[in-house]
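sequence and computational prediction follow.
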Amino acid sequence: MIRRLLRSRGMVKFRRNRLALFASGVIGLYAAIFVAIIGMEIYDGIAQAVGGEAKFSLREGTRIRVLPRQTPGFLESQTPSERYNDIRWHHQRMERIFDRDLESMDDPWVQAFNELDLAERKLQRAELGEILARWEAFDEAFLVLDDLYLERDDMLDLVGSIRDEIADLRGDLRGAEASEAEEIRGEIAALEEELAPEVEYLAEVEPEFFAQEEIARGALLELMPMPTGWEGVKYGFRTFLGSDVSGRSIACRAFYSIKVAFQIGFVVAGISVLIGTVLGAAGAFYAGWVDAIVMWLVTTLSSVPYLVLLVVLAYMFTGSTLFDNPREYPELQLVKLYTAMGLAFWIGTARVIRGEVMKIKELEYVQAATAIGFGRVYILLRHVVPNTAHIMFINFSLLFIGAIKSEVILSFLGLGVSGQPSWGTMISLAKDDLSNYFFWEIGSASFLLFVLVLAFNIVSDALQDAFDPRHVS
Amino acid sequence: MTDHGMTMTKARPEHAGGEPVLSVRHLTTSFRTDAGSVTAVDDVSFDLMQGETLGIVGESGCGKTVTSKSIMRLLPDHVTTYGRETEVMFEGVNLARASARHMRSVRGDKIAMIFQEPMTSLNPVFTIGWQLDEALKYHTDLGRRERRDRGIEMLRLVEIPNPEERYKEYPHQLSGGMRQRVMIAIALCCEPDVLIADEPTTALDVTIQAQILDLMNGLKEKLSTAIMLITHDLGVVAQVCDRVMVMYAGRVIEEGPVIEIFHRAQHPYTKALLESIPKRGNKTRGKKLATIPGIVPSLTNLPPGCRFEDRCPFSDGTRCRTEEPALEQGPDDRPVRCHYPLGSDRERPARVTVSAEPTAQEAQD
């Protein structure tokens, strides 16, 4: 059927549309990522089932810490105090490890140091003595940095408060009378005099602080060097969009969400088109009571908003060890989404298919098929339904994107995906930090979603132009 | 066209003592509608002999197509009822009462059908080969290879050039005439005993029409299939039919061998039909083409008398209006449904008295 479709006139028309071809390429790219992720997960699943070790652990990769919290990605900048906080975060978690009695451990690498791993970025493999020496150096550098930071912070506070005062006085000056003005001017002069040495001092402390920051950073790199080679590429990918509130890789989460989105899109669109085609075609073809039942279902279900349906289903599944256990069965957690959207989305397809089949069943080739002696079911399945393939095609692509968009909305509301990342949960998590110019979490999720939806809309539109009989000239 | 066709007409086969392949008795088909029951075909009886071509002629809405679809039981079940005495005897089974399962085994295998519109009679999403193969698969137990060979052979038989290539093509790649040939190939691939052709050439242009009719004639001889040809084109009838049945408003009004019908029509309607064919020659030069005034009466509101009465130039205005004529042997020894059949001089002038203008007559009443 697909092969025949490819050679049809509509397909030729579709292939002439450059934009649609480009959009198909984009979708292809997404699909390739989806297939790759699914493939790696299946590989891991099989490996674990036979008692081996997971090689890729992609879902794990979206959960682990790779950076301090909310580290910026490219195009985002950090204030000096944020930079200081990152170094302090590194220092704190190392302190916890190095405070232990490392020398009495049989293998401190396994027993203690692996806790420090940030994905590919690991503690420098060296002799324990060497490591401890480096730690000493980092610790020392950090303590100096800490002092400088506090000093700088105090100075900044002080300078800031004096400047505020001066600004207030200048404000008073504007509406003041001549006698008062003289007095105020005197006060301003005194404050400015007071400010000058402080500013001077700050100008001394600040470069010192930045220099010390570099030293501490260098010491940290000695201790935990950036991975190089392939590992470095992987780590670079993990960190190029920064990290979220829990220090997880935004890039990993955003790209892993493609899998979740496609999964939901495929399953929901598949279920909907299947149910819609079967019921719509049966209703139109057999007419009578079959049609009455189908139409009753259509009108009844279309009057139930699927959000309500989803809330009911979520409530039904709550506490279930299989369907409400996102830690262990993140795939089954999606069942309630499939069910709710599947029940809601087939209606549109059923309506369109029903109309088309009503038209087709009156055509002469259906009568001709009867005249050849075929049974009713056979004619419906082999002669009528294949002629609705273009509608199934268009509906599938529309529902696919509809399901992905709905997933984002539902996850944003907290009704959707949990236990694995999705664009909806990412946007939901990021919404509070948008005001801090921390945009990659919401940005990457929205961008990937936007590009996918746009590409799909272009392709659906081109498909409609090419295959819908009302548009075919 | 007519004259040309007459010369081509084959000699009528001797079927006086032969067994009919298909025997239809008192076929009455009614539809349930919102306006009540409508009888589209009323008490139609005929026999179809082996190797014979029976033409069913009449204008639009006279029940020709319903007759053929009733035989095949292709009408929608939930609105169609058949008369109590209806008998469609085929191989000893009354098809009007047969099970759906039996009908499936008869359709396509024993009785095949060709439709009027070749453009929509083939499924657009499957290849010609697939559709031929499908029919063969359903009705025979040939292997894949044999079915393919047989399919290509059928395409060759219906004179399609490059059958191997065409076998792989889709309907939209073929012209209307080619598609009709494919339809004929599909209909004939299981060697049916009866072929019902429902206006097979109406949608085709005249040259293609002649080719298709020649083809059907040739195939009939080769495969000795009985053909029931439904048409409103008397030229087609002249070209291929052995026997003709003329229908009007759901009733058979005249029946007989094609030559006799053409030369000695007994019913005024048949006569009028024949006169409305354009002819060449001095007699008709400069004259307007004869037409039949009025339209076929509505089936929901049939007159009590002869159904052709209000259009008939020979109506007597009394008996014709109140009493419906029965299908009786006419003066030419052929069945005709008329109180005053044409055909012999002594009876004819007796009833041309009242009016040749039925509408004016009505206005006076």
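That came through, no problem.

any weak-confidence spans in the stretch 1-150 of chain A?
The model of the stretch 1-150 of chain A has pLDDT under 70 over residues A:1-8.

isn't A:Leu156 up against A:Leu202?
Yes. Counting by CB atoms under 8 Å, A:Leu156 touches A:Leu202, with 7.0 Å between them. The C-beta positions use only the backbone N, C-alpha and C, and glycine is treated the same way.

tell me the spacing between B:Ala249 and B:Ala40.
According to CB to CB, to the nearest Å, B:Ala249 stands 9 Å off from B:Ala40.

which neighbours do the two have in common?
Residues within reach of B:Ala249 and of B:Ala40 at once, by CB atoms under 8 Å, 6 or more residues apart in numbering or on different chains, are B:Gly63, B:Leu299.

neighbour count winner among the two?
Set B:Ala249 next to B:Ala40 and count neighbours by other CB atoms under 10 Å in any protein chain shown: B:Ala249 wins out with 24 against 21.

how is the nearest residue in space to the more buried one that is not next to it in sequence assigned, secondary-structure-wise?
In this structure, B:Ala249 finds its nearest non-sequential neighbour in B:Arg307, 4.2 Å apart by CB to CB, 6 or more residues apart in numbering or on different chains. Following DSSP: H, G, I helix; E, B strand; the rest coil, we place B:Arg307 in the coil state.

what sits against B:Arg307?
Neighbouring residues of B:Arg307 by CB under 8 Å, 6+ apart: B:Tyr248, B:Ala249, B:Gly250, B:Arg251, B:Pro297, B:Glu324.

likewise for A:Phe262?
For A:Phe262, the contact set (CB under 8 Å, 6+ apart) comprises A:Tyr30, A:Ala31, A:Phe34, A:Ile404.

quick check, pLDDT for residue 281.
Chain wasn't specified; assuming chain A. The score at A:Ala281 is 95. That number is its pLDDT.

you answered for a different chain; I wanted chain B.
73.

what is the three-state secondary structure of it?
Using three-state DSSP, the structure places B:Gly281 in coil.

same deal with B:Glu254?
Three-state call for B:Glu254 (three-state DSSP): strand.

bridging residues for it?
Legend: beta-bridge partners of B:Glu254 under DSSP bridges are B:Val246, B:Val336.

which single residue of the stretch 151-300 of chain A ends up nearest chain B?
For the stretch 151-300 of chain A, the residue closest to chain B is A:Gly288, as judged by CB to the nearest CB, at 6.5 Å.

that residue against B:His78, yeah?
Yes. If you go by CB under 8 Å, A:Gly288 and B:His78 touch, sitting 6.5 Å apart.

B:Glu59 in helix, strand or coil?
coil.

so who does the residue of the stretch 201-350 of chain B found nearest chain A touch?
Of all residues in the stretch 201-350 of chain B, the one sitting closest to chain A is B:Ala203 (10.6 Å; CB to the nearest CB). Residues in contact with B:Ala203 (CB under 8 Å, 6+ apart) are B:Gln116, B:Glu117, B:Pro118, B:Met119, B:Gly176, B:Gln180.

need the pLDDT of it.
Listed pLDDT for B:Ala203 reads 78.

pretty sure B:Ser37 contacts B:Thr29?
No. Using CB under 8 Å, B:Ser37 is not in contact with B:Thr29, being 10.7 Å away.

who's more crowded, the two?
B:Thr29 (24 against 12).

tell me which strands and helices the helix or strand encompassing that one is in contact with?
Element membership of B:Thr29 [criterion: DSSP states H and E] is strand B:20-33. With contacts defined as 3 or more CB pairs under 8 Å, 6 or more residues apart in numbering or on different chains; DSSP states H and E, strand B:20-33 has these neighbours: strand B:36-49, helix B:64-72, strand B:80-82, strand B:87-90, strand B:226-231.

quick check: residues of chain A near chain B?
A:1, A:4, A:8-9, A:287-288, A:363-365, A:367-375, A:382-383, A:386-387, A:389 (CB under 8 Å from any CB of the partner chain).

any of those residues buried? List them.
Using 16 or more other CB atoms under 10 Å in any protein chain shown as the burial test, these include A:4, A:8, A:363-365, A:367-374, A:383, A:386-387, A:389 as buried.

and A:Phe210, which of the three is it?
Secondary structure, three-state DSSP: A:Phe210 is helix.

thought it was touching A:Pro80?
Yes. Using CB under 8 Å, A:Phe210 is in contact with A:Pro80, at 7.3 Å.

doesn't A:Ser411 belong to a helix?
Yes. Assignment of A:Ser411 by three-state DSSP places it within a helix.

and the pLDDT for it?
Value for A:Ser411, per-residue pLDDT: 88.

that one and A:Trp423 touch, don't they?
Yes. Judged on CB under 8 Å, A:Ser411 makes contact with A:Trp423 at a distance of 7.4 Å.

more crowded one of those two?
Using other CB under 10 Å as the criterion, A:Ser411 and A:Trp423 rank with A:Trp423 on top: 29 against 25.

please, which helix or strand holds the residue nearest to the more buried one when sequence neighbours are not counted?
The shortest distance from A:Trp423 to any non-neighbouring residue, by CB to CB, 6+ apart, is to A:Ala445 (4.0 Å). Per DSSP H and E, A:Ala445 falls inside helix A:440-467.

give me the contacts around the biggest helix by length in chain B.
Of all the segments assigned as helix in chain B under DSSP state H, the longest by residue count is helix B:206-223. Applying CB under 8 Å, 6+ apart, the contact partners of helix B:206-223 are B:10, B:51, B:53, B:157-159, B:176-177, B:180-181, B:184, B:188, B:191, B:195, B:197, B:200-201, B:204, B:225, B:227, B:229, B:236, B:239-240.

repeat that for stretch B:29-45.
By CB under 8 Å, 6+ apart, stretch B:29-45 touches B:24-28, B:63, B:66-67, B:70, B:75, B:79-83, B:86, B:247, B:250-252, B:299-300.

now these: which count as buried?
B:24-28, B:63, B:66-67, B:70, B:75, B:80, B:82-83, B:86, B:247, B:250-252, B:299.

which residues in the stretch 101-250 of chain A form helices?
Shown for the stretch 101-250 of chain A, the helices assigned by DSSP state H, counting those that start in this stretch span residues A:108-111, A:128-175, A:178-223, A:229-239, A:250-286.

to clarify, my last question referred to the stretch 351-473 of chain A.
Using DSSP H, counting those that start in this stretch, the helices of the stretch 351-473 of chain A run over A:364-372, A:376-378, A:389-412, A:423-430, A:440-467.

tell me the angle of the longest helix of chain B relative to strand B:226-231?
Our comparison of helix B:206-223 with strand B:226-231, counting by axes from the mean of the first three to the mean of the last three CA atoms, to 10 degrees, yields an angle of 160 degrees.
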